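Participant: 3D, please:
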Amino acid sequence: MLSIPEAFAKFKNRLELSDTEQSDASSRQQRIRKVMDNEFDVDHDFLTGSYSRHTKTKPLHDVDIFVQLGSAEAHYQDQHPDSILASVRTALAAEYGEQRVALQRRSVRVDFGVKLVDDLTGAVMSFDVTPAFGNGGHYLIPDRTIGDWMPTDPRVHAVKATAANAAFGGHWKPVVKMIKKWNEHHDKPIKPSFLIEVMSLEIVADWGGSYPCELKAWFATAIDAIDQTWDDPAGLGHPVSDRMTADAGQRATARLALKQAEAACTSALNHDRAGRTGAALDVWQQLFGPAFAKS
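Facilitator: As a prediction, this is how the structure comes out:
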């Protein structure tokens, strides 16, 4: 049986991406780039989102790739976002099959048909392909929900995540990944998962030297914070919390899940203080799922 610090150290390491996983993501990115190059004028592409910010959890699904289109495709900016997304879907479906390609709000999802064995499945399961145009110092991406092009800049998101991690002694990103794993294990009460990162830029402050205590503090603070409006860290797009803001039922679900998570943290901490390490490990595993090992 592991001690609590050993268990969290193992949990942290298990959430890190291996060289094999990064190589798989790179090769799949290159294949998608080839498909896009054949059908569109492409300036360049790059991996973005939580993958590039090193806050992605396993299994690796919905890895984000931005594909910046060139001037020959500029006419799409005068059309409804459905137009470019439908064209991208058609191109990718010809390569991967109709059943594995789907339209999303701002991207096209490509499912590679990788079977989920457990929470630590190594291969990339899916990509989210986002067509984009350069717009001064940032980007424009299609948003089907609002029916318009939305400004954004994932580079700013990455810079802020890196700065937060440095200020937190290298522990900010592990804390965020642990909370994301909790969110996944409990049917995603917080949507989108990027909202967890945005909230953490403010509610994760000074490292207190213990993942269990930091997690309890995060859940306690988030209970009220989930009702706030959380803007795009780049100061460009719509609030990251717009889905939660528009759905009172989802916010209520999230508040309840957060209260239960904080209570679980309290229980685990009490077990540990009383010397009941096994009971504490059981609670932590219930909170995070099988990725949290007890031995």
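
Participant: which neighbouring elements make contact with the longest strand belonging to the chain?
Facilitator: As assigned by DSSP state E, the longest strand anywhere in the chain is strand 126-135. In terms of contacts (3 or more Cβ pairs under 8 Å, 6 or more residues apart in numbering; DSSP states H and E), strand 126-135 is packed against helix 19-39, strand 63-69, helix 81-96, strand 108-111, strand 138-143. C-beta coordinates here come from the backbone N, C-alpha and C atoms, glycine included.

Participant: I'd like the ones you listed laid out as CSV, including distance to Asp232 and mean neighbour count.
Facilitator: Shown next, in CSV, are the helices and strands packed on strand 126-135 (distance: least, Cβ to Cβ, whole Å; neighbours: other Cβ atoms under 10 Å):
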stretch, distance to Asp232, mean neighbour count
helix 19-39, 24, 15
strand 63-69, 15, 22
helix 81-96, 17, 18
strand 108-111, 22, 22
strand 138-143, 11, 22
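
Participant: now the weakest link among those, please, by mean pLDDT.
Facilitator: Lowest mean pLDDT within the helices and strands packed on strand 126-135: helix 19-39, a mean of 84.

Participant: give me the buried positions along the longest strand of the chain.
Facilitator: Neighbour counts over strand 126-135 (16 or more other Cβ atoms under 10 Å) mark Ser126, Phe127, Asp128, Val129, Thr130, Pro131, Ala132, Phe133 as buried.

Participant: residue contacts, the second one?
Facilitator: Remark: with contacts taken as Cβ atoms under 8 Å, 6 or more residues apart in numbering, Phe127 is in contact with Arg28, Gln29, Ile32, Asp62, Val63, Asp64, Ile65, Arg109, Val110, Phe112.

Participant: how much space between the first one and Asp247?
Facilitator: It refers to Arg28. Separation of Arg28 from Asp247 (Cβ to Cβ, to the nearest Å): 33 Å.

Participant: beyond the helix or strand Ala163 falls within, next helix or strand please.
Facilitator: Using DSSP states H and E, Ala163 falls within helix 154-167. Heading C-terminal from helix 154-167, the first helix or strand you meet, by DSSP H and E, is helix 172-185.

Participant: next helix or strand past that next one?
Facilitator: helix 194-203.

Participant: restricting to C-alpha, output that next one in PDB.
Facilitator: Extracted in PDB, the C-alpha atoms of helix 194-203 (Å, rounded to 0.1, in the frame of the first residue of the first chain):
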ATOM      1  CA  PHE A 194     -11.100  24.500 -20.300                       C
ATOM      2  CA  LEU A 195     -13.300  26.400 -17.800                       C
ATOM      3  CA  ILE A 196     -11.400  24.500 -15.100                       C
ATOM      4  CA  GLU A 197      -8.100  26.000 -16.300                       C
ATOM      5  CA  VAL A 198      -9.600  29.500 -16.600                       C
ATOM      6  CA  MET A 199     -11.000  29.300 -13.000                       C
ATOM      7  CA  SER A 200      -7.700  28.000 -11.800                       C
ATOM      8  CA  LEU A 201      -5.800  31.000 -13.100                       C
ATOM      9  CA  GLU A 202      -7.500  32.900 -10.200                       C
ATOM     10  CA  ILE A 203      -8.500  30.400  -7.500                       C
END
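
Participant: tilt between that helix and helix 154-167?
Facilitator: 50 degrees (axes from the mean of the first three to the mean of the last three Cα atoms, to 10 degrees).

Participant: other residues contacting helix 194-203?
Facilitator: So helix 194-203 is in contact with 49-50, 53, 55, 157, 160-161, 164, 172, 175-176, 179-180, 183, 190, 218, 221-222, 225-226, 230-233, 240-241, 244, going by Cβ under 8 Å, 6+ apart.

Participant: what residues of that helix count as buried?
Facilitator: By neighbour count with 16+ other Cβ under 10 Å, helix 194-203 contains the buried residues Phe194, Leu195, Ile196, Glu197, Val198, Met199, Ser200, Leu201.
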